[in-house]
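[1] below: sequence and its predicted model.
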Amino acid sequence: MRKSPKILQKIIFIASLFSLIIFMICYPQETYSAAEKAISSWWTVVLPSLLPFFIASELLLRMGGAHLLGYFLEPFMRPIFHLPGSAGVALVLGYTAGFPTGAAITAGLYKEGLCTREEGERLLAFTNNASPLFIIITVCATILNRPQLGIFLAVVHYSLNLLFGILLGILSKKKATTTSFPGAEKHSLLAVLPRETPPLGTVCKEAVSKSLANLATIGGFMVAFSVLITMLHISGGEHIFSLLLLPFCKILGIDTTLLAGAINGFWEITLGVQTTASLNGPLPDTVALIAAILAWSGISIQMQIAAIATPAGLRLKTYFFSRLLQCILAPLTVLCFFPAIPTGSMTTTTPVVISAGEIILLYWQLLALSFLLLAAMATAGATIRLLQKIR
């Protein structure tokens, strides 16, 4: 009897898959267009943006860079988040580069023994966010045509994630008094760095291979969910999800005319934001729903993160709980503070048009800023450790 729910789940999944295949056969042009759009986005934006960064991150982890940074970031991460100093790398880069960067770095930290499983699962829960460029430029300036809302929406998104990370640290049952990597409590930097590292050629080859594999997985999910959403729209299956999301909108007091945006945002973040903005609902409700979509991040992104974290041995229960909780708190926070935010007029705001190349350039500049922030934090941490020695 215990196996019957799992068998039923498999039957439902197989039946749904057969239905999807039938619709794909019946609508080949729509299937091709959806896949082509996803591949184009992956090829022109995602691949050139993330590949150099993924390779650099892998090299940083494998050559001992995270060990060294963790030694100096410990005075910040342990008191605030109850996490080892090396987690600061995932925190800073996860907040600047956007998902699934936080998952990739967290999985690498756990594999390298720089954090425990429990610490990795907590870190995973609050370091996978939408990038500032996506929120400020794509969402607010380009889609909503209200760039003045960018900072407000970003502050809501990141502050709730940080707050959740702090609360997870407070509520953590594991009372760790030591850091997660060998030699962290020693005062010698030589004790912190790994004793042996593979040859540079081997490390580079593995870094490139792993980065390409992760990005190929991300691209596959983008294509799959693009086709899935298109087929749901054609078949009318999205109306079923509207019945499920209707109570959510009513509880939060969001205009139910925006349900189509909530449905698309449940599956894919960008499409959800675009649909929500196109429905011309009340501005506070529109921004609140977009905040909820950003918090939830879409099943597509969640599956990308799962594909990276699960093979490393990290469970996703805490991550999914954090997405659900923030999905509720984010729109409530927006509705609470929105009356005090100057929104401007959409008719007098010049639309922002930015090319893929300009987005990539801004993305790299943001990453450079994040590494400078890491360097500043490491310098401050070194100063704190030096003062502790003197005392």
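    Structure received.
[2] list the contacts for Arg323?
    Ala295, Trp296, Ser297, Gln302 (C-beta atoms under 8 Å, 6 or more residues apart in numbering). For every residue, glycine as well, the C-beta is placed using N, CA and C.
[3] most neighbours among those residues, please name it.
    Ala295 (26 neighbours; other C-beta atoms under 10 Å).
[4] wait, that residue touches Ser322, no?
    No: using C-beta atoms under 8 Å, Ala295 and Ser322 do not qualify as a contacting pair, with a distance of 9.1 Å.
[5] thinking again about what came up before, so can I have CSV of the contacts of Arg323 showing distance to Val156 and secondary structure?
    Below are the contacts of Arg323 laid out as CSV (distance: C-beta to C-beta, whole Å; DSSP: H, G, I helix; E, B strand; the rest coil):
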residue, distance to Val156, secondary structure
Ala295, 9, helix
Trp296, 14, helix
Ser297, 14, coil
Gln302, 20, helix
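[6] just flag the most distant two among those residues.
    Farthest pair in the contacts of Arg323 (C-beta to C-beta) is Ala295 and Gln302. Separation: 11.7 Å.
[7] so for stretch 77-85, what's the average pLDDT?
    Average pLDDT, stretch 77-85: 87.
[8] can you list the low-confidence ranges for the stretch 201-350 of the chain?
    Low-confidence segments of the stretch 201-350 of the chain (pLDDT under 70): 237-239, 241, 252, 343-350.
[9] list phi and psi for Met63.
    Main-chain dihedrals, Met63, degrees, to the nearest 10: phi -90, psi 0.
[10] gap between it and Leu91?
    Taking C-beta to C-beta, to the nearest Å as the measure, Met63 falls 20 Å from Leu91.
[11] of these two, who's got more company?
    Leu91 (27 against 18).
[12] that one and Asn129 touch, don't they?
    No: with contact defined as C-beta under 8 Å, Leu91 does not count as touching Asn129 (10.3 Å).
[13] next, format the contacts of Arg323 as TSV and append distance to Ile135.
    Below are these laid out as TSV (distance: C-beta to C-beta, whole Å):
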residue	distance to Ile135
Ala295	11
Trp296	14
Ser297	12
Gln302	18
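[14] contacts only, for Phe337.
    Phe152, Val156.
[15] would you mind measuring from the closest residue to Thr230 other than its chain neighbours to Ile293?
    The shortest distance from Thr230 to any non-neighbouring residue, by C-beta to C-beta, 6 or more residues apart in numbering, is to Ala34 (4.1 Å). Ala34 is 20 Å from Ile293, where distance means C-beta to C-beta.
[16] more neighbours: which of these two?
    Just comparing Ala34 and Ile293: by other C-beta under 10 Å the higher neighbour count belongs to Ile293, 28 against 22.
[17] and whichever strand or helix holds that one, what other elements does it pack with?
    In the assignment (DSSP states H and E), Ile293 maps to helix 283-296. Under the contact definition 3 or more C-beta pairs under 8 Å, 6 or more residues apart in numbering; DSSP states H and E, helix 283-296 sits against helix 150-171, helix 238-252, helix 259-267, helix 269-278, helix 317-337.
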